[in-house]
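> my questions concern the predicted model and sequence given below.
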Amino acid sequence: MTPIPSPAAAEATQDGRRALAWAAALALSLAALLAPALWNGYAIVFFDTGGYIKRVFDLELEPGRSLFYGLFLWGSSLGWVTLWGPVLAQAAVTLWLVRLALRAHDLPHGPWALTGAAVGLAALTGISWYSAQLMPDILTGLLVLGFWMLGFRWERLGRGERAGVAAVGLLALLSHMGTIALAAGLVAVVAGAKLAVRRWGWAVTPRLLPPALVLGASLLVMPLGHLALVGKATFTPGGPAFVFGRLVQDGIAQKFLAEHCPDPAYKLCDYQDQIVPDANEFLWHPDSPFRKVGGWGGADAELSRITKESLKAYPGLHLRTALVATWHQILEVETGDGLDEWQEVTRWIFSGHLPWQNDAFTAAKQQKQQTTQGMFDALNLVHVPVAHLSLLALPFVVAWAARRKRHDVAALALFMLLALLGNAFINGALSNPHDRYQSRVAWLATLAVGMGVAGMGKRDPRLSSVNQTQS
């Protein structure tokens, strides 16, 4: 006769199986989010990666290269012991936030549901190329998802989870100035939602204070941190030059100079015939007029003045070109932007500052130029249409979810739609359109659509209680 296991033994067996399931699920999910690095044999790098690393060694500020993200790389790599540390941390945090979002909307969030979400996102979007990359790009999407959780699902998070989500948001804000502008827009969205949900009768409770506090903290921590570390109470430099680069790209700067030169107030007058309508060449070419009039930091005052005066002179042209740039940025979502290029600056910095990493870095497929445009063209046969279709689907998810009384899902889809539009404006109109800027957040639309479809089968369990509270 087969003995009947005791309840304690049966429970222990069940716990063991559950632990094994979670271990297998986490391994598969992390492998999916780190797939490019695993294939490469090393963390994926970008042209800017070395600049973030160099900030920690030099303890100096550089335009567009956050010292704080450099410190994150240093800390998560255990003092430069292994650069697998940062990408593993980025993938783990991404996975954690996705699971929190699923749980907060009462969607399946067990081991295999989470694995399905991670593998699906990695297969259909470019998310893994950012979580596996030594760049702060993945943090832009995590900021949006985190602000959604803090602003709209606060009551579904534990105390430690709230602190963790806020910490991720703060890191994202300190890692790139563009995220601060995006965060300000998202805080405005939460503020608007407080008014809209009352009018629409949606059973959603927006909370403005948590995301606003995270944004406010970043505005204090960044200059104070810079003061303590480099002796300058300032923000990461480079803003005026990036905005001016878009004016060069669209010909507005050239038009202004042609109508106002010669003028001793503008040094660029001496080089106006050398300015070509290419923002990257203007900002980064060593012999560009930008470098000749002072370059990063030295030219800020003149570039800001020309930007302001041209805005007064051609407001309609500014508006039209900004809208065109935003439209282009919405559509530019290809994976692999810049990853097929020779990473000579990063290689030089690795050789000079991280020589013990040089052999592994050099042996990676990326440094052997195996991350080809042809490979990314094949990936983009899936990634681009999925990104476009996901964005187009968001308004339908909003309408469908609202009709089915899944107000939480409707608000989620609307929030992600506004975040993606805001990101396109910030990077397209205020900088210059690049595929990388939009593709790094395109996965948010796919996640929101997937959550919307999964959540259509039932109503928000908070609906009745919220309605009773409001009445």
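Nice, I can see it. Residues are numbered from 1 along each chain as shown.

> which ones are touching the closest residue to residue 404 other than its chain neighbours?
Leaving aside its chain neighbours, residue 404 sits nearest to residue 456 (5.8 Å; criterion: CB to CB, 6 or more residues apart in numbering). Where C-beta positions appear, they are placed from N, C-alpha and C, glycine not excepted. Neighbouring residues of residue 456 by CB atoms under 8 Å, 6 or more residues apart in numbering: 400-401, 404, 406, 409.

> so of these, which ones are in helices?
400-401, 409 (DSSP state H).

> okay, those residues in CSV with pLDDT next?
As requested, these are exported to CSV (pLDDT from 0 to 100):
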residue, pLDDT
400, 93
401, 92
409, 94
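
> now the contacts of residue 456 as JSON lines including distance to residue 292?
As requested, the contacts of residue 456 are arranged in JSON lines below (distance: CB to CB, whole Å):
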{"residue": "400", "distance to residue 292": "56"}
{"residue": "401", "distance to residue 292": "55"}
{"residue": "404", "distance to residue 292": "61"}
{"residue": "406", "distance to residue 292": "58"}
{"residue": "409", "distance to residue 292": "54"}
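
> closest to residue 30 out of these?
Lowest distance from residue 30 to the contacts of residue 456 (CB to CB) belongs to residue 409, with 27.1 Å.

> from residue 413, how far out is the residue nearest to that closest one when sequence neighbours are not counted?
Once flanking residues are discounted, residue 409 sits nearest to residue 401: 4.0 Å by CB to CB, 6+ apart. Distance of residue 401 to residue 413, given as CB to CB, to the nearest Å: 7 Å.

> and for those two, which residues touch both?
With CB under 8 Å, 6+ apart as the test, residue 401 and residue 413 both reach residue 452.

> report all helices and strands that the helix or strand hosting residue 37 contacts.
Assigned by DSSP states H and E, residue 37 belongs to helix 35-40. Helix 35-40 is packed against helix 127-131, with contacts defined by 3 or more CB pairs under 8 Å, 6 or more residues apart in numbering; DSSP states H and E.

> quick one: mean pLDDT over the helix it packs on.
Regarding helix 127-131, the rounded mean pLDDT is 98.

> show me what that helix is packed against.
helix 7-33, helix 35-40, helix 84-104, helix 111-124, helix 137-152.

> mind checking what secondary structure the closest residue to residue 197 other than its chain neighbours has?
Computed as CB to CB, 6+ apart, the closest residue to residue 197 that is not its neighbour in sequence is residue 204, at 5.0 Å. Secondary structure, DSSP: H, G, I helix; E, B strand; the rest coil: residue 204 is coil.

> list the contacts for residue 204?
Counting by CB under 8 Å, 6+ apart, residue 204 touches 152, 193, 197, 407-408, 411, 466.

> can you list those residues in a markdown table and add distance to residue 102?
Output for the contacts of residue 204, formatted as a markdown table (distance: CB to CB, whole Å):
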| residue | distance to residue 102 |
| --- | --- |
| 152 | 14 |
| 193 | 21 |
| 197 | 22 |
| 407 | 17 |
| 408 | 12 |
| 411 | 16 |
| 466 | 20 |
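
> would CSV of the residues you listed with pLDDT be doable?
Shown next, in CSV, are the contacts of residue 204 (pLDDT from 0 to 100):
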residue, pLDDT
152, 96
193, 95
197, 88
407, 93
408, 93
411, 95
466, 43
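
> check those and tell me the two furthest apart.
Every pair of the contacts of residue 204 checked by CB to CB; the farthest is 193 and 466, at 14.1 Å.

> with neighbour numbers in mind, choose between these two.
When residue 193 and residue 466 are compared for neighbours, residue 193 comes out ahead with 23 against 17, by other CB atoms under 10 Å.

> ok so, going back, show me how to select, in ChimeraX, the buried members of the contacts of residue 456.
Paste this into ChimeraX to select the buried members of the contacts of residue 456, with burial taken from 16 or more other CB atoms under 10 Å:
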select :400,401,404,406,409
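
> just the closest of the contacts of residue 456 to residue 172, please.
Using CB to CB, these come closest to residue 172 at residue 409, 24.2 Å.

> so what's the closest one up against?
Shown in contact with residue 409 (CB under 8 Å, 6+ apart): 105, 397, 401, 451-452, 455-456, 460.

> cutoff 6 Å now
401, 452, 455 (CB atoms under 6 Å, 6 or more residues apart in numbering).

> hmm, which helix or strand of the protein has the shakiest average pLDDT?
Least confident helix or strand, the chain: helix 463-470 with a mean of 42, by mean pLDDT, DSSP states H and E.

> how many residues are close by residue 16?
Quick note: residue 16 (other CB under 10 Å) scores 10 neighbours.

> next: the one 3 residues further on.
Residue crowding around residue 19 was assessed by other CB under 10 Å; the count is 11.

> quick check: closest non-adjacent residue to residue 276.
Distances taken as CB to CB, 6+ apart place residue 282 nearest to residue 276, at 7.4 Å, with adjacent residues excluded.

> likewise residue 331?
Counting by CB to CB, 6+ apart, residue 331 lies nearest to residue 388, which is 7.4 Å off, once chain neighbours are set aside.

> need the pLDDT of the one you found.
Residue 388 is given a pLDDT of 98.

> next: residue 427.
Looking at residue 427, its pLDDT reads 90.

> and what of residue 5?
Residue 5 carries a pLDDT value of 63.

> next: the one 3 residues further on.
At residue 8, the pLDDT value in this model is 65.

> Throw the contacts of residue 409 into a markdown table and include distance to residue 111, thanks.
Listed next are the contacts of residue 409 as a markdown table, based on distance: CB to CB, whole Å:
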| residue | distance to residue 111 |
| --- | --- |
| 401 | 26 |
| 452 | 22 |
| 455 | 20 |
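
> and of those, the nearest to residue 112?
residue 455 (17.8 Å).

> what sits against the closest one?
Applying CB under 6 Å, 6+ apart, the residues contacting residue 455 are 105, 107, 406, 409.

> helices of the stretch 251-400 of the chain, residue ranges please.
Counting by DSSP state H, counting those that start in this stretch, the stretch 251-400 of the chain has helices at residues 252-260, 279-284, 289-292, 295-298, 300-313, 315-331, 344-353, 358-363, 373-403.

> out of these, which is closest to residue 421?
Of the helices of the stretch 251-400 of the chain, nearest to residue 421 by CB to CB is helix 315-331, at 7.2 Å.

> measure the residue nearest to residue 197 to residue 418 for me?
Distance, residue 204 to residue 418, using CB to CB: 14 Å.
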